[in-house]
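Enquirer: Quick one: sequence plus predicted model below, questions after.
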Protein chains: 2
Amino acid sequence: MPVPLNKQWFIGVDGGGTSTRGVLSDREGQIRAVVRGDSSNMNSRPLPEVIHTLKKVCQDLLDQVGGTSEQVQSVFLGLAGAGRPRERDLLLEGLQEAYPGRVQVDNDAVTALYAGTWGRPGMVLIAGTGSIAYGVSTTGERYRVGGWGWLLGDEGSGFILGQEALRAILRAFDGRGKETQLTSLVFSLYGIQEATEVVSFIHASENPRKLMAEVGPLVLQAAEQGDEVALEIVQQAAQDLVELVVACSRVMVESLPIVLAGGLLGEGTLLREKVMNQLSDLGYSVEKPSFPPSVGALIMALQTGGVTLDRAVKQNMTESWALLGEGVQS
Amino acid sequence: MPVPLNKQWFIGVDGGGTSTRGVLSDREGQIRAVVRGDSSNMNSRPLPEVIHTLKKVCQDLLDQVGGTSEQVQSVFLGLAGAGRPRERDLLLEGLQEAYPGRVQVDNDAVTALYAGTWGRPGMVLIAGTGSIAYGVSTTGERYRVGGWGWLLGDEGSGFILGQEALRAILRAFDGRGKETQLTSLVFSLYGIQEATEVVSFIHASENPRKLMAEVGPLVLQAAEQGDEVALEIVQQAAQDLVELVVACSRVMVESLPIVLAGGLLGEGTLLREKVMNQLSDLGYSVEKPSFPPSVGALIMALQTGGVTLDRAVKQNMTESWALLGEGVQS
């Protein structure tokens, strides 16, 4: 029995390291449910747990509209670390059970991009804990620059901002660098009293990457208050991020809109401002992302489910997201 | 019964992350035994094992001359990570048993310094896997700059050279940076075929620090062959190392000789050459270190055992080391 049009559901999921966000809409683009679940990072959690979390997010969405899995036309997952074919296959296998032939998965950079371009080609620059520039060309080819992880890349990311801040604190302490407000900001954050404690605190930690990335936002804060050392760090980060975009657009050999994503490039941050200015000086057109990556995934779910994103659908998505999404997701 | 003068032994030990080196001399400074044992790094091995290793090194030295522990006048240990009072006390307790009241321990920077100054005040700049500048003033005060570990400091070290090299390889790969010979050198070292394998190789490793530091010497090699990217990395490292010395001498407020130590600043390396040139341009006097840190520890053992390092003793040490030590220790 065919599913009536007004009972057809489309699901977009953004699986991140901290949490998993899901959105559900009907085929008119009306977003009807928004949920948040545990982390679904395949690099840090066992695959069965990740599959369980993803299934639960989908089921919770359906529960909110009283729907069934048969009514789901399309599920699109944007997942960090979804690049490896073997893990992706296992993941799909785990989810196909409920939604056979109707699940797709891609990496989370793609959904961040599509959240800003309504599923059209373009480039996305992401700066959160890590950083990367990712492009999809008009012919569907994929390109990446950066994003090589905290030990080897992630230039301009929260991790690097944090690492540079901690280095600056120690340099000020041992007489190599200028005094900086970062010292007292980090002391409060870590609950310590002197610079050398930073060293034992970080080196003894099970997760130094996380502790260091937590300092990232403090660097933006200090820079906004005019701290010279922090300003230099932010300036360098902006330059490194712009370099990612420039290198990506050079290999793509076409001029495409750019979407900024990730917490450090959020509305109103100094890093965003500096990156925006530099990109516009270089002649790039920067799009204001309309949505978070979960809605980017929904856009893909609608497209792969055969829905044309016409003006009416777009308007429905925008309006329903404004009503339902912002509070839950931010 | 007092020990006859020609049966009095003095022991110096340099405890490192890779191995422990010990030397034994008589009170004339004649080095009579040289041994090498396991690692004695208190940060990476359990304390009982470290104590066992150190005891064994001392005993092996005594066995070589048919000596007994009663004949040992003084043992001086230079150990990485010996700064923490609690661990130092436990260590001393473990060793006092055999040589009561005749054991002393200090950090390995001090023994590296004294190996170049015959136990006199000065500054030592060390660049191996890590880096640090360490000074002892004429009034006995200690100063340090840098050496904050691989995640937060170690500027100009083998780790940083390696990390910059790996970053450069990935930057060349994704279109941000210049091509470099480092790529093929690292591929051979790691046994990999493409740049992206560097990322999984390092991030999946139990000991990324070690793997990355192993690339350090390749950077010097590539730079010597004229590779531009490698040259820039070495140039930056030299500048960072000189900055450590400048900051250290600024807080010490006196002009003291500088000793260069550690594998990356060994005889004939490009990094040594660049650091020497910059230091001499800045008016510093650089001493050629006469010995490795184990002999620096022996110098301290002789001094604390009441031996005056006169011309004859110094000559004995130099000549006996040339005969016995170089081959074993290098």
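Expert: Structure received.

Enquirer: and the end-to-end length of stretch A:63-74?
Expert: 16 Å (C-alpha to C-alpha, to the nearest Å).

Enquirer: how far away is A:Ser137 from chain B?
Expert: 15 Å (C-beta to the nearest C-beta, to the nearest Å). C-beta: built from backbone N, CA, C; applies to glycine.

Enquirer: so the nearest residue to A:Asp174 once chain neighbours are set aside bridges to which residues?
Expert: Nearest non-adjacent residue to A:Asp174, counting by C-beta to C-beta, 6 or more residues apart in numbering or on different chains: B:Val145, 4.5 Å away. Beta-bridge partners of B:Val145, counted by DSSP bridges, are B:Ala133.

Enquirer: Phi and psi next, for the residue nearest in space to the middle of chain A.
Expert: Residue closest to the average C-alpha location in chain A (C-alpha atoms, centre = their mean): A:Gly262, at 4.8 Å. Reported as degrees, to the nearest 10, the phi and psi values for A:Gly262 are phi 100, psi 150.

Enquirer: Skipping adjacent residues, who's closest to A:Leu279 in space?
Expert: Excluding its sequence neighbours, the residue lying closest to A:Leu279 (C-beta to C-beta, 6+ apart) is A:Val286, at 5.5 Å.

Enquirer: Now that neighbour: phi and psi?
Expert: Per degrees, to the nearest 10, the backbone of A:Val286 is at phi -100, psi 130.

Enquirer: what bridges to it?
Expert: A:Ile258.

Enquirer: Tell me the predicted confidence for it.
Expert: Note on A:Val286: pLDDT of 90.

Enquirer: helix, strand or coil for A:Leu256?
Expert: Classification of A:Leu256 using DSSP: H, G, I helix; E, B strand; the rest coil returns coil.

Enquirer: ok, it to A:Thr117 distance?
Expert: 8 Å (C-beta to C-beta, to the nearest Å).

Enquirer: May I see the buried residues of the top helix by length along chain A?
Expert: Among the segments of chain A that qualify as a helix by DSSP state H, the longest is helix A:228-252. Residues A:229-231, A:233-234, A:237-238, A:240-249, A:252 are the ones in helix A:228-252 that count as buried (16 or more other C-beta atoms under 10 Å in any protein chain shown).

Enquirer: who's in contact with the closest residue to A:Arg209 other than its chain neighbours?
Expert: Sequence neighbours aside, A:Trp150 is the residue nearest to A:Arg209 in space, at 4.9 Å (criterion: C-beta to C-beta, 6+ apart). Applying C-beta atoms under 8 Å, 6 or more residues apart in numbering or on different chains, we find A:Trp150 in contact with A:Thr129, A:Gly130, A:Ser157, A:Phe159, A:Arg209, A:Met212, A:Ala213.

Enquirer: if we can go back for a sec, okay, the residue nearest to A:Asp174: pLDDT?
Expert: 95.

Enquirer: right, and it touches B:Ile126 too?
Expert: No. B:Val145 is beyond contact range of B:Ile126, at 11.3 Å (criterion: C-beta atoms under 8 Å).

Enquirer: that older thread, could you measure from the residue nearest to A:Leu279 over to B:Gln71?
Expert: 78 Å.

Enquirer: who's more crowded, those two?
Expert: Per other C-beta atoms under 10 Å in any protein chain shown, whichever of A:Val286 and B:Gln71 has more neighbours is A:Val286, with 19 against 15.

Enquirer: need the contact list for that one.
Expert: Contacts were defined as C-beta under 8 Å, 6+ apart; by that measure A:Val286 touches A:Pro257, A:Ile258, A:Val259, A:Leu260, A:Met276, A:Leu279, A:Ser280.

Enquirer: mind redoing it with 6 Å?
Expert: A:Ile258, A:Met276, A:Leu279 (C-beta atoms under 6 Å, 6 or more residues apart in numbering or on different chains).

Enquirer: Over to A:Pro257?
Expert: A:Gly122, A:Ser285, A:Glu287.

Enquirer: which parts of chain A sit against chain B?
Expert: A:145, A:148-149, A:151-152, A:166-167, A:170, A:174-176, A:199, A:202-203, A:208, A:243, A:247, A:251 (C-beta under 6 Å from any C-beta of the partner chain).

Enquirer: And the buried ones among those residues, selectable in ChimeraX?
Expert: Selection of buried members from the residues of chain A next to chain B for ChimeraX, criterion 16+ other C-beta under 10 Å:
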select /A:145,148,149,151,152,166,167,170,174,175,176,199,202,208,243,247
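
Enquirer: Filter the residues of chain A next to chain B down to just the ones in helices.
Expert: Using DSSP H, the residues of chain A next to chain B in helices are A:Leu166, A:Arg167, A:Leu170, A:Val199, A:Ile202, A:His203, A:Pro208, A:Glu243, A:Ala247, A:Val251.

Enquirer: Any figure for the gap between the residue nearest to the centre of chain A and A:Trp148?
Expert: If you go by C-beta to C-beta, the gap between A:Gly262 and A:Trp148 works out to 16 Å.

Enquirer: Repeat that for A:Thr180.
Expert: 28 Å.

Enquirer: hang on, A:Gly94 packs against A:Val50?
Expert: No. A:Gly94 sits out of contact with A:Val50 when judged by C-beta atoms under 6 Å, with a separation of 8.5 Å.

Enquirer: So which of these two has more stuff around it?
Expert: For the pair A:Gly94 and A:Val50, the greater number of neighbours falls to A:Val50 (25 against 17), based on other C-beta under 10 Å.

Enquirer: That one belongs to a helix?
Expert: Yes. Counting by three-state DSSP, A:Val50 is located in a helix.

Enquirer: Phi first, then psi, for A:Gly268.
Expert: Torsion angles, degrees, to the nearest 10, at A:Gly268: phi 90, psi 0.

Enquirer: ok, now A:Pro121?
Expert: phi -60, psi 160.

Enquirer: which ones are touching it?
Expert: Applying C-beta under 6 Å, 6+ apart, we find A:Pro121 in contact with A:Val136, A:Ser137, A:Thr138, A:Leu256.

Enquirer: need the strands for chain A, in chain order.
Expert: Along chain A, the stretches classed as strands by DSSP state E are A:9-15, A:20-25, A:31-37, A:72-79, A:103-107, A:122-127, A:131-136, A:142-145, A:258-261, A:286-287.

Enquirer: And A:Ser330, what's its pLDDT?
Expert: So A:Ser330 comes in at 41 (pLDDT).

Enquirer: Now for the ones in helices among the residues of chain A next to chain B: which two are most distant?
Expert: A:Val199 and A:Val251 (39.9 Å; C-beta to C-beta).

Enquirer: contacting residues around A:Gln181?
Expert: A:Ala222, A:Asp227.

Enquirer: ok, 7 Å please
Expert: For A:Gln181, the contact set (C-beta atoms under 7 Å, 6 or more residues apart in numbering or on different chains) comprises A:Ala222, A:Gln225, A:Asp227, A:Ala230.

Enquirer: Could you report the separation of the second one from A:Leu189?
Expert: Right, A:Gln225. 16 Å.

Enquirer: what do you get for A:Leu54?
Expert: Separation of A:Leu54 from A:Leu189 (C-beta to C-beta) stands at 33 Å.

Enquirer: What backbone torsions are found at the closest residue to A:Arg45 other than its chain neighbours?
Expert: Leaving aside its chain neighbours, A:Arg45 sits nearest to A:Ser39 (6.1 Å; criterion: C-beta to C-beta, 6+ apart). A:Ser39 adopts backbone torsions of phi -60, psi 150, taken as degrees, to the nearest 10.

Enquirer: And A:Ser39, how far from chain B?
Expert: In terms of C-beta to the nearest C-beta, A:Ser39 sits 18 Å off from chain B.
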